[in-house]
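Peer 1: Show me the folded form of this:
(2 chains)
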Amino acid sequence: MEVCLEAIHLTKRFPLSSRQARERGISSRELTAVDDVSFQVERGEIYALLGPNGAGKTTCLRMVSSLISPTSGEIKIDGKTLTKESDSLRGKIGFLTSELKLDPFFSPSYTFSFLATLYGLSEEESKRRKREVFARFGIDGFSETRIKDLSTGMKQKASLAMSVVADPELIVYDEPTNGLDIVASRDVEDFIREEKSSGKAIVISTHIFSLVDKLADRVGFLIDGKLVLEESVGELVARYGSVEEAFFSLYGGRK
Amino acid sequence: MKRIWAIAKKEFRRYFTDPRMLAALFLPGILIFLIYTALGNFVQGLDIGSVEPDYSYRIAYSDNYGSEEEPALLTAFSSYLASSGHTGESVFLPYEPAKRGEMLSDLAEGELDIVISFSEGFESILEEGPSLSPTRPNVDIYYNASHQASEQAYSLLLSLTGVYDAYTVNASIENPNVGGESFTMNSLFSFLFPMIVTSLLFSSCLSICPESIAGEKERGTIASILITPIRPWELATGKIVSLSVLAVLSGTVSALGLIASLPTMLGGMSISLSPISIAGLFFAVVSLLLMMVAGSSLVSAFAKTIKEATGYLGPLTAVLVILAVLPMALDLTPIWFAFVPFLNVIVCMSSVFSTPVSILYWAISIVESLLIAGFFLFLTVRLFRSERAMFG
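Peer 2: Sure thing, here's the model as predicted:
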């Protein structure tokens, strides 16, 4: 299959104040959040980054989605370097994270049109895309309601819709089912599967093993900023019995 | 350009569809109107700026003016008072020029309201034609600024002399005021205007900028925007352009509030602002506003939350208000004060109602304020590019 995303030797260091360094009990004034991580994702594949809190999953996804730049290493999308062509490549990325919120004062309809303008869609394209996406997520019933007045499930649907405004080729979801009830979670899972079957490359980060079992083709285990193991779900199950067992044998061993 | 406009439109939509935000925009103007109107009523209640209609002005004039009849200036004074509904009969007391010292003592003690000293043969020279005389006739008009009636009469006499250019006024004296400094409407305005305008406009910036920039960071909505192909400078420009428009709008509402409150504030007193003064005030207010918006945007882009941004900006309100009243206590009119940011614009605004400052002073103040606003904008764009500032 065709490679869509290549993360090559990604490293991200954050500067620390002396107080932050003291609090973390380290002498260095830098925190290495991601340390020499490489992976690639093909079209029609779901790649899961699995790891405990603070392992560097979100930082990794933020770099992949161009929200922050790597300290070293590079990211390629369809063979083009993200840091060099971020303006054109950003239109190919759909990113969803719990930190990335929609303005509560606007409706999903207005927000979609606003983001479509930022992605450079024409008015016609924007309207057509809005019709498609809103119909897919069943948003039409509350498209003119302010986001602050929506339920958590509705908000998540709206967020998913906004993540695919420009019909991205690479979908990056950070903890996509976090805080959702079982019905809303199921909706998200269905959507990710649909996007996979339409040939999108998908990267998700999660610490929910069942989600990885159900969705992922391959898994990368990220611990303390390092990618300690990368295998297909089938290989992991064959070797460790389950993805969860694989994680704890790696993580427990490090502890 | 489409993206800049999209950001600006979003800000306008945010402010014009949210009652809380609308209140933040328009409340300062309404408050200015209410405060100034209330203050005007209070000041009139204190009898600052008005003299009882049956008051009898006592005016002494030197009897060397060159005619047996009452001086034309005083006749005009009486006629004006009568036509404006003043019922008190004015008393005109001729004195020998040698007794001018005594008259001035009486004026200082409040026994007299005005002492007029005509140059020798004043009236005869005017009748014959001033061109025949080697020197132009002159009238010196002394008053006591500590007494409202004296000050009122002085203003009226000056306005009456203003219609002639055949003679000079106060050419032989440096200071016509024999009393202390007065608390006039002008002096009231010279410190009230900068103080109230500064505090209310800054309050307006305080409610607009942190909400729009730090608020987006706090709510996590800025990341939703930065993830799109928009460039940081497009985002910063869209924000700052819209916030400046909103702040100018807020400033205009404040100015309208001020204008609407003027009739009550002024009462019977006359403060006339020339078109040049009004234009000067406009430029001073706009440059001050742009500096405030850009500065507040910079602080808001640096802060992680609205609370942090208002925490930095809040105490500045008190500092700015203190600076705004400095022209009342200190002489800040020397030209080098024109290079002191913020204070220079305050002095310009104050000068419209008190001691005028030069055109050069105005120009330096306004250009410097605009340059500072531009520098703040540049730094704000830099912060929008910074991962650390945008995402902590």
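Peer 1: For the rest of this, base every contact and every neighbour count on C-alpha atoms.
Peer 2: OK.
Peer 1: What ranges does the stretch 1-150 of chain B have for its strands?
Peer 2: Under the criterion DSSP state E, counting those that start in this stretch, strands of the stretch 1-150 of chain B are mapped to B:58-62, B:91-95, B:114-118, B:138-143.
Peer 1: Show me the shaky parts of the stretch 101-250 of chain A.
Peer 2: A:179 (pLDDT under 70).
Peer 1: For chain B, what's its nearest residue on the stretch 101-250 of chain A.
Peer 2: Per Cα to the nearest Cα, A:Lys101 is where the stretch 101-250 of chain A lies closest to chain B, at 4.9 Å.
Peer 1: hang on, that residue in a helix?
Peer 2: No. Using DSSP: H, G, I helix; E, B strand; the rest coil, the assignment for A:Lys101 is coil, not a helix.
Peer 1: between the strands of the stretch 1-150 of chain B, which one is nearest to chain A?
Peer 2: Once these are compared by Cα to the nearest Cα, strand B:138-143 is nearest, at 62.6 Å.
Peer 1: Mind giving me the packing neighbours of the closest one?
Peer 2: strand B:114-118, helix B:148-161, strand B:168-169 (3 or more Cα pairs under 8 Å, 6 or more residues apart in numbering or on different chains; DSSP states H and E).
Peer 1: Let's see that with 6 Å instead.
Peer 2: Packed against strand B:138-143, as judged by 3 or more Cα pairs under 6 Å, 6 or more residues apart in numbering or on different chains; DSSP states H and E, are the following elements: strand B:114-118, strand B:168-169.
Peer 1: Count the neighbours of the residue in the stretch 1-150 of chain B that chain A sits nearest to for me.
Peer 2: Relative to chain A, the nearest point of the stretch 1-150 of chain B is B:Arg3 (5.5 Å; Cα to the nearest Cα). Residue neighbour count, defined by other Cα atoms under 10 Å in any protein chain shown, stands at 22 for B:Arg3.
Peer 1: That one contacts A:Leu118, correct?
Peer 2: Yes. At 5.5 Å, B:Arg3 and A:Leu118 qualify as touching, with contact defined as Cα atoms under 6 Å.
Peer 1: before we move on, back to that, can you get me a residue count around the residue of the stretch 101-250 of chain A closest to chain B?
Peer 2: A:Lys101 - counted by other Cα under 10 Å - has 21 other residues nearby.
Peer 1: Am I right that it is in contact with B:Gly220?
Peer 2: Yes. Contact criterion Cα under 6 Å: A:Lys101 and B:Gly220 qualify, at 5.0 Å.
Peer 1: Give me every residue in the stretch 101-250 of chain B lying close to chain A.
Peer 2: B:220-221, B:223-224, B:227-230 (Cα under 6 Å from any Cα of the partner chain).
Peer 1: What is the nearest of those to A:Ile204?
Peer 2: Nearest to A:Ile204 among those is B:Ile227, at 16.7 Å by Cα to Cα.
Peer 1: per-residue pLDDT, that closest one?
Peer 2: On the pLDDT scale, B:Ile227 is placed at 84.
Peer 1: Tell me the backbone dihedrals of it, please.
Peer 2: Dihedral pair for B:Ile227: phi -80, psi -20, per degrees, to the nearest 10.
Peer 1: returning to that earlier point: what's the most distant pair in the residues of the stretch 101-250 of chain B next to chain A?
Peer 2: Going by Cα to Cα, the pair spanning these furthest: B:Gly220 and B:Pro229, at 17.3 Å.
Peer 1: With A:Arg19 as the reference, measure out to the residue in the stretch 251-392 of chain B that chain A sits nearest to.
Peer 2: For the stretch 251-392 of chain B, the residue closest to chain A is B:Glu387, as judged by Cα to the nearest Cα, at 6.2 Å. For B:Glu387, the distance to A:Arg19 equals 20 Å [Cα to Cα, to the nearest Å].
Peer 1: again, but for A:Gly79
Peer 2: Taking Cα to Cα, one finds A:Gly79 at 41 Å from A:Arg19.
Peer 1: Kindly report the same for A:Gly199.
Peer 2: From A:Gly199 to A:Arg19 the distance is 47 Å (Cα to Cα).
Peer 1: quick one: which of those two has more around it?
Peer 2: A:Gly199 (16 against 10).
Peer 1: which residues in the stretch 251-392 of chain B form helices?
Peer 2: B:275-302, B:306-329, B:343-351, B:359-385, B:387-391 (DSSP state H, counting those that start in this stretch).
Peer 1: Return the most buried member of those helices.
Peer 2: helix B:343-351 (a mean of 28; mean count of other Cα atoms under 10 Å in any protein chain shown).
Peer 1: per-residue confidence at the residue of the stretch 1-150 of chain B closest to chain A?
Peer 2: 87.
Peer 1: do B:Ala8 as well
Peer 2: Reported pLDDT for B:Ala8: 90.
Peer 1: again with B:Leu323
Peer 2: Reported pLDDT for B:Leu323: 83.
Peer 1: Same check on B:Ser365?
Peer 2: 92.
Peer 1: what's the nearest residue to residue 10 if we skip its chain neighbours?
Peer 2: Using chain A. A:Gly73 (4.4 Å; Cα to Cα, 6 or more residues apart in numbering or on different chains).
Peer 1: could you do chain B instead?
Peer 2: A:Phe114 (7.8 Å).
Peer 1: Residues touching the one helix or strand the one you found maps to, excluding its own?
Peer 2: Assessed by DSSP states H and E, A:Phe114 sits inside helix A:108-118. With contact meaning Cα atoms under 6 Å, 6 or more residues apart in numbering or on different chains, helix A:108-118 is reached by A:126, A:143-144, B:3, B:230.
Peer 1: Now do the buried residues in the following helix or strand past it.
Peer 2: Next helix or strand after helix A:108-118 toward the C-terminus (DSSP H and E): helix A:123-137. In terms of neighbour count (16 or more other Cα atoms under 10 Å in any protein chain shown), helix A:123-137 has its buried residues at A:126, A:129-130, A:133-134, A:137.
Peer 1: May I see those residues arranged in CSV, with distance to chain B as well?
Peer 2: Shown next, in CSV, are those (distance: Cα to the nearest Cα, whole Å):
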residue, distance to chain B
A:Ser126, 14
A:Arg129, 16
A:Lys130, 17
A:Val133, 18
A:Phe134, 18
A:Phe137, 19
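Peer 1: With distance to B:Pro341 added, can I get those residues in a markdown table?
Peer 2: Formatted as a markdown table, the buried residues of helix A:123-137 follow (distance: Cα to Cα, whole Å):
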| residue | distance to B:Pro341 |
| --- | --- |
| A:Ser126 | 47 |
| A:Arg129 | 51 |
| A:Lys130 | 50 |
| A:Val133 | 53 |
| A:Phe134 | 53 |
| A:Phe137 | 55 |
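Peer 1: what about A:Ala166, how many neighbours?
Peer 2: 25.
Peer 1: tell me the secondary structure for it?
Peer 2: coil.
Peer 1: contacting residues around it?
Peer 2: Counting by Cα under 6 Å, 6+ apart, A:Ala166 has no contacts.
Peer 1: Relative to A:Val237, how far out is it?
Peer 2: 36 Å.
Peer 1: And the pLDDT at the residue of the stretch 51-200 of chain B found nearest chain A?
Peer 2: In the stretch 51-200 of chain B, the residue that lies nearest chain A is B:Leu200 (26.0 Å; Cα to the nearest Cα). We have a pLDDT of 77 for B:Leu200.
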